[in-house]
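Chemist: A predicted structure for the sequence below; I have some questions about it.
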Amino acid sequence: MNTVRRLIYGEILVSVGFVLLAFLSLFFFFDFVDELPALGKPSVLDPSRVYGLRHALLYVGLLLPSRVYELMPIAVLIGAVYALVRLAQASEYTILRTSGLGPWRALRALLGLGLFFVLLTFAIGDYLAPAADRTGQLLKAQFQGRISVGQTGAWLKERQDGAQFSVNVRAMDASGALEGIRIFAFDPDGRISATLNAQHGVIDSGAGQWRLSEVQRRRFDLGQDRQARTDFERLDTLVWPTGLNADMVSVALLKPERMRTVDLFGYIQHLQANNQTAQRYEIEFWRKVFYPLSCLVMVVLALPFAYLHFRASGLAAYVFAGVMIGISFFLLNNVFGYIGNLRDWQPWLAAAAPSMLYSLASLGAFGWLVLKR
C-alpha cells in the first residue's frame, strides 16, 4: 500500500504544483499590469524616491501567498483530476484496482493527501499570507504615504467608565502613525459630550494611550437651564487613554480576508463588546475555518474520474470539467459570503454552505460512479 500511495501522491503533487504555478503566473502578470500606471511616481514621504520596477515586482511578489491560499482548492481539484485521469487512461489505475486497491482504500489514501493540503492551506492563509500582505501594503504606503480603506477610513468603538467613544481613522502611514483622527465621545445617556479632531497620532500600546497632535477639541455641556454650551480649544498635543491598540487599528484598515484567524476572532469580540455589528467579520472568520477543509472535498470530488473509461481524446474534456467545477466553487464561495451578509444568515452557514454542497455532490458522485458502477 505504501508503494501505491507513493505513486498516487507523487502524480497528484506534481500535477497540483504545475497547475498552481500556471495560475500564479497568470495572476502575477495581471497584478503586475495593474501596477504599471504607478511606475515612476515619486514617494509622498520622500520625493527623491521613485516607485520603480523592482518595487512593483516586490509588491506583486508579496501578493503571491494570498493568491496561493485562494487558488489552492482549485489547484488541488484540477491537479488531482488530471493525475487520476492520466493514470486511468494509461490503464495504470486499472492495474492498481486488480491488485487490491478498492474504492474505500483509494478514498482513505486521497483523504490523507487532502489532509496535507488542508494543513498547508491553513498555514499559508493564517501565517504567510497576512504577513506578506501587510509588508506589501507598508511598501506601497512608503510611496503613497498611507494605508486607507475607502473614503471614510476605519471606524472603531470603545467604552470607558460608562462613556462611549466612536473613533474614525482616515489612514495609517508606513511607520504606523495615524492620520485624520476623529473621536466622538458620548455620555451614558447617548448624548454627544465632546469631539476631538487630530491631524496626526501615534499609538502607544504599552501605555494604553494615543498621543495626538494638532488637536481641535469641542466640549458640549447641557447646564441646569437645559441650554447647551460649547467649549472650543486648540491643542498642540493631547494624550488620549484608550484600550484600542495598533493591532485593532491595523485590522480595521486591512481587508477581513487578509487577517489571521486569531486577529479576526479578537476583533469580533471587540465589536460585540461594544455593541457593533460583526456579521461581515464573523462570515470571514468561518470562511477562514472552512476554506482549507475544501481541499478534502476536492480530492473526494476528483476520485470518481479515475473510474471512468477514457479515449485518447477525452483527457482534455475531463480536465476542462475539473476546471469548471473548481471555478464554480470559487465563485459560489464568494457569492454565499455576500448573500449571507445581505440576508443576515448565520455566519457559519454562509461560510460552510459551498463546502457542504460540494461535499454532497462529491459523495453522490463517489457512490454512483465508484460503488454502484
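Modeler: That came through, no problem. Numbers count the residues shown, from 1 in each chain.
Chemist: so where's the longest helix in this protein?
Modeler: Scanning the chain for the longest helix, with DSSP state H as the assignment, gives helix 2-35.
Chemist: what mean pLDDT does it have?
Modeler: Per-residue pLDDT over helix 2-35 has a mean of 90.
Chemist: Stretch 210-217 now?
Modeler: 90.
Chemist: What residues of it count as buried?
Modeler: 210-212, 215, 217 (16 or more other Cβ atoms under 10 Å). C-betas here are computed from N, CA, C, even on glycine.
Chemist: Mind checking which of these land in strands?
Modeler: In this view, these that belong to strands under DSSP state E are 210-212, 215, 217.
Chemist: Show me which of the buried residues of stretch 210-217 is closest to residue 326.
Modeler: Residue 326 lies nearest to residue 210 out of those, by Cβ to Cβ, at 45.9 Å.
Chemist: what residues are up against the closest one?
Modeler: Residue 210 is in contact with 178, 181, 201-204, 239-240, 242, 244, counting by Cβ atoms under 8 Å, 6 or more residues apart in numbering.
Chemist: Pick out the lowest-pLDDT one from the residues you listed.
Modeler: Ranking those by pLDDT, residue 244 lands last with 79.
Chemist: does that residue sit in a helix, a strand or a coil?
Modeler: coil (DSSP: H, G, I helix; E, B strand; the rest coil).
Chemist: List the contacts of it.
Modeler: Contacts of residue 244 by Cβ under 8 Å, 6+ apart are 156, 158, 167, 203, 210.
Chemist: and with 10 Å instead?
Modeler: 156-158, 165, 167, 169, 203, 205, 208-210, 252, 270 (Cβ atoms under 10 Å, 6 or more residues apart in numbering).
Chemist: ok, of these, which one's closest to residue 290?
Modeler: Among the contacts of residue 244, and counting by Cβ to Cβ, the member closest to residue 290 is residue 270, at 22.8 Å.
Chemist: and the closest residue to that closest one other than its chain neighbours, what does it touch?
Modeler: Spatially, and ignoring its direct neighbours in sequence, residue 270 is nearest to residue 248 (6.3 Å; Cβ to Cβ, 6 or more residues apart in numbering). Applying Cβ under 10 Å, 6+ apart, we find residue 248 in contact with 154, 156, 158, 167, 203, 205, 242, 263, 266-267, 270-271.
Chemist: Next, format these as JSON lines and append distance to residue 112 and secondary structure.
Modeler: Listed next are the contacts of residue 248 as JSON lines, based on distance: Cβ to Cβ, whole Å; DSSP: H, G, I helix; E, B strand; the rest coil:
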{"residue": "154", "distance to residue 112": "43", "secondary structure": "strand"}
{"residue": "156", "distance to residue 112": "44", "secondary structure": "strand"}
{"residue": "158", "distance to residue 112": "47", "secondary structure": "strand"}
{"residue": "167", "distance to residue 112": "48", "secondary structure": "strand"}
{"residue": "203", "distance to residue 112": "46", "secondary structure": "strand"}
{"residue": "205", "distance to residue 112": "43", "secondary structure": "coil"}
{"residue": "242", "distance to residue 112": "49", "secondary structure": "coil"}
{"residue": "263", "distance to residue 112": "31", "secondary structure": "helix"}
{"residue": "266", "distance to residue 112": "33", "secondary structure": "helix"}
{"residue": "267", "distance to residue 112": "35", "secondary structure": "helix"}
{"residue": "270", "distance to residue 112": "39", "secondary structure": "helix"}
{"residue": "271", "distance to residue 112": "39", "secondary structure": "helix"}
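Chemist: what's the lowest-pLDDT member of those?
Modeler: Minimum pLDDT across the contacts of residue 248 falls on residue 205, with 70.
Chemist: Helix or strand, whichever it is, which one in this protein has the lowest mean pLDDT?
Modeler: strand 147-148 (a mean of 52; mean pLDDT, DSSP states H and E).
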